[in-house]
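Asker: Sharing a model that was predicted from the sequence below.
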Amino acid sequence: MAEHTRRTVLRGAAGLAAATALAGTTGATTAAARPATESTEHQYPFLQGAFAPVTEELTAFDLPVTGRIPRELNGRFLRNGPNVLGLEDPRAHHWMLGDGMVHGVRLRDGHAEWYRNRWVRSSQVAAKLGESYPGPVPPDDFACNTHVIPYRGRILALQESGPLPYELDGELNTVGTHDFRGTLEGAFTAHTKYDAHAGELHAITYYPTWDHVRHLVVDPTGRVARTTRIPVRDAPMMHDFALTEKHVVVFDIPVTFDPAAAEAGALVPYVWNREHPARVGVMPRSGGAVRWFGVDPVFYSHTLNAYDEGESVVIDLTTYPAPFDVAGKFTDGPHATGTARLERWTVDLRHGRVSRRTLDDRPQEFPRVNEELVSRRHRYGYSAAAAEMSLAYLAGDGNPPDHAFSNALLKHDLARGTAQVHRLPRGAAAGEAVFVPGEHAVQEDDGFTLAYVHDPDRGAADLLILAAQDFTGEPLARVHLPGRVPLGFHGSWIPDA
């Protein structure tokens, strides 16, 4: 079998994948693309409605605002997501393969100075735009489309399983790839965890040809200081992980790489593997042996946060019921039998068991915490409910709950077991909610919640700014953008230095 890179694994022979069904993969539900027999609207939900890609890069200054922007918000609110460029055949498209586009609003002294959206200039994107690509093309080159984070004065666009991060400047222009001062070997991740107390950036990385995953620690000098290899079988997908003061937590779930599907040209050759046990691994943060704990099959999507509690590790996370088809059946995107919900998993290290508890069963995704508390005990969490997101993930024969059709931002009080819901109108698709601490914050939730929300009346997006301690009240401000921000993935607040 030919060596697989991200290009061959995820792009593959797209035309073949669109017309061929692969059979005979032992123990797995094959994810090769099926023949195009459904209507376009049903078959390609991630090219429709709130997901539809935008077609141009915009720049606008002195943005109109309803309400007042807090003067202490000085920085950039950025969000990354797939935005396919130059698509000729929708059968050759998968949501996860869209070229990364970063959207940003620059706030300063109570003003919205500008809005910009820019494609990440990988070699492929540069070629599509008729631009030159400076320097040699790196291995597994890809326009990172999943996250954008601040790191040591840099802005990094991130992707998992292969590509190097891309660095952007303050106006969202692509500077080039970033390899942590030449110390990054192999793949990186879309979901880093930054421990502000230790000054460490942590990552769990995977790659389809590895017989392990890697825990990386980037030290305060910006170098990968330690790499720990964790043996696994079947090359599982590990999209996210959890970090505490003492431990690293990895989730080995039954979504694994299928070499036969890759050879056949499947757009995303990661499949639900019924023969791959679901388990949680807990490793000392300083490295060492991993203790594994079996759990019932589930698709784990994102961590809100995690912390140590005595001889237990507590993780708040979002999950989908099993099975979960990451490639999608008769669609270009994920396929689930139910909507995502917020759970708490407690790993009892003394007695060797994992308990699971539902914290909130409303459809929701992209959980976030006050970033200053990553790896420490938290009380509050924030998530988003977007109707089109929930419905696009569901199986065609699913029976979604009524609240799957709603749009809202949620604030969870995990000490009281309650949630506040900032409800949004029909058609007002909500992106990820990011918490920004106030300038003189004393309490954990003293600050603001920022999210891009679609305005169906204007056919464009607003940057919504809420007072986190008055979460259900009127927004402090709505910054009116000149175009749409398609539903996408993750983002960050990049404060001024």
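Answerer: Sure, I can see it.

Asker: what about the helices in this structure?
Answerer: 6, 14-19, 40-43, 123-128, 259-264, 387-393 (DSSP state H).

Asker: Any stretches of this protein with poor pLDDT?
Answerer: Scanning the chain for pLDDT under 70 picks out 1-42, 330-331, 395-399, 404.

Asker: the longest strand in it is where?
Answerer: strand 298-309 (DSSP state E).

Asker: Summarise which helices and strands that strand is packed against.
Answerer: Strand 298-309 sits against strand 242-243, strand 247-252, strand 312-321, strand 365-368, strand 380-385, with contacts defined as 3 or more C-beta pairs under 8 Å, 6 or more residues apart in numbering; DSSP states H and E. Yep, even glycine has a C-beta here, placed from its N, CA and C like the rest.

Asker: Quick one: closest of these to residue 277.
Answerer: With C-beta to C-beta as the criterion, residue 277 lies closest to strand 247-252 of the helices and strands packed on strand 298-309, at 7.9 Å.

Asker: Give me the contact list for the closest one.
Answerer: Strand 247-252 is contacted by residues 202, 204, 213, 215, 230, 232, 236, 238, 240-243, 276-285, 290, 292, 300, 306, 308, 313, 315, 347 when judged by C-beta atoms under 8 Å, 6 or more residues apart in numbering.

Asker: filter the residues you listed to the buried ones?
Answerer: Neighbour-count burial (16 or more other C-beta atoms under 10 Å) is assigned, among the contacts of strand 247-252, to 202, 204, 213, 215, 230, 232, 236, 238, 240-243, 276, 278-283, 285, 290, 292, 300, 306, 308, 313, 315, 347.

Asker: Which ones among those map onto strands?
Answerer: Those of these lying in strands (DSSP E): 202, 204, 213, 215, 230, 242-243, 279-283, 292, 300, 306, 308, 313, 315, 347.

Asker: Residue 290 and residue 139: what is the separation?
Answerer: Between residue 290 and residue 139 the computed distance is 28 Å (C-beta to C-beta, to the nearest Å).

Asker: same thing with residue 433?
Answerer: Taking C-beta to C-beta, one finds residue 433 at 35 Å from residue 139.

Asker: Please name the nearest non-neighbouring residue to residue 135.
Answerer: With sequence-adjacent residues excluded and distances taken as C-beta to C-beta, 6 or more residues apart in numbering, residue 135 is closest to residue 176, at 7.1 Å.

Asker: so who does residue 205 touch?
Answerer: So residue 205 contacts 160-161, 186-189, 213-214, 216 (C-beta under 8 Å, 6+ apart).

Asker: What residues are bridge-paired with it?
Answerer: Beta-bridge partners for residue 205, by DSSP bridges, are residue 214.

Asker: re the thing from before, which pair of the contacts of residue 205 spans the longest distance?
Answerer: 161 and 216 (13.6 Å).

Asker: of residue 433 and residue 139, who's got more company?
Answerer: Counted by other C-beta atoms under 10 Å, residue 433 and residue 139 do not tie: residue 433 has more neighbours, with 29 against 12.

Asker: Looks like the more buried one contacts residue 450 (just checking).
Answerer: Yes. With contact defined as C-beta atoms under 8 Å, residue 433 counts as touching residue 450 (7.3 Å).

Asker: Now a PyMOL select for only the buried ones of the contacts of residue 205.
Answerer: Buried subset of the contacts of residue 205, written as a PyMOL selection, criterion 16+ other C-beta under 10 Å:
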select buried, resi 160+161+187+188+189+213+214+216
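
Asker: okay if I get the contacts of residue 205 as CSV plus distance to residue 77?
Answerer: Below are the contacts of residue 205 laid out as CSV (distance: C-beta to C-beta, whole Å):
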residue, distance to residue 77
160, 23
161, 27
186, 31
187, 28
188, 23
189, 22
213, 31
214, 31
216, 27
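
Asker: what's the closest of the contacts of residue 205 to residue 457?
Answerer: residue 160 (36.4 Å).

Asker: State the phi and psi torsions of the closest residue to that closest one other than its chain neighbours.
Answerer: Nearest non-adjacent residue to residue 160, counting by C-beta to C-beta, 6+ apart: residue 190, 4.5 Å away. Backbone geometry at residue 190, expressed as degrees, to the nearest 10, gives phi -90, psi -20.

Asker: related to what we said a few turns ago, so which of the helices and strands packed on strand 298-309 is the most surrounded?
Answerer: strand 242-243 (a mean of 28; mean count of other C-beta atoms under 10 Å).

Asker: what pairs with that strand, and is each one parallel or antiparallel?
Answerer: In the sheet, strand 242-243 lines up against strand 247-252 (antiparallel) (DSSP bridges).

Asker: wait, isn't residue 109 in contact with residue 72?
Answerer: No. Using C-beta under 8 Å, residue 109 is not in contact with residue 72, being 9.4 Å away.

Asker: Residue 299: what's it in contact with?
Answerer: Neighbours of residue 299 in contact, by C-beta under 8 Å, 6+ apart: 253, 255, 319-324, 336.

Asker: And those residues, which is closest to residue 419?
Answerer: Nearest to residue 419, judged by C-beta to C-beta, of those is residue 319 at 16.9 Å.

Asker: Apart from its neighbours in sequence, what residue is nearest the closest one?
Answerer: Among residues not flanking residue 319 along the chain, residue 298 sits closest, at 5.0 Å (C-beta to C-beta, 6+ apart).

Asker: out of residue 109 and residue 72, which sits in the more crowded spot?
Answerer: In this view residue 109 and residue 72 are compared by other C-beta under 10 Å, and residue 72 has more residues nearby, 18 against 10.

Asker: if I look at that one, how far off is residue 274?
Answerer: In this view, residue 72 and residue 274 are 52 Å apart by C-beta to C-beta.

Asker: which residues in the stretch 51-200 of the chain form strands?
Answerer: 59-61, 65-67, 75-82, 100-108, 111-119, 147-151, 154-158, 166-168, 174-177, 193-195, 200-205 (DSSP state E, counting those that start in this stretch).

Asker: Sheet partners, orientation included, of the third one?
Answerer: Each strand that pairs with strand 75-82, with its direction, by DSSP bridges: strand 100-108 (antiparallel), strand 491-495 (antiparallel).

Asker: Save those as TSV, and put in mean neighbour count too.
Answerer: Shown next, in TSV, are these (neighbours: other C-beta atoms under 10 Å):
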stretch	mean neighbour count
strand 100-108	26
strand 491-495	21
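
Asker: which one of those strands lies closest to residue 329?
Answerer: Closest to residue 329 of the strands paired with strand 75-82, according to C-beta to C-beta: strand 100-108, at 25.5 Å.
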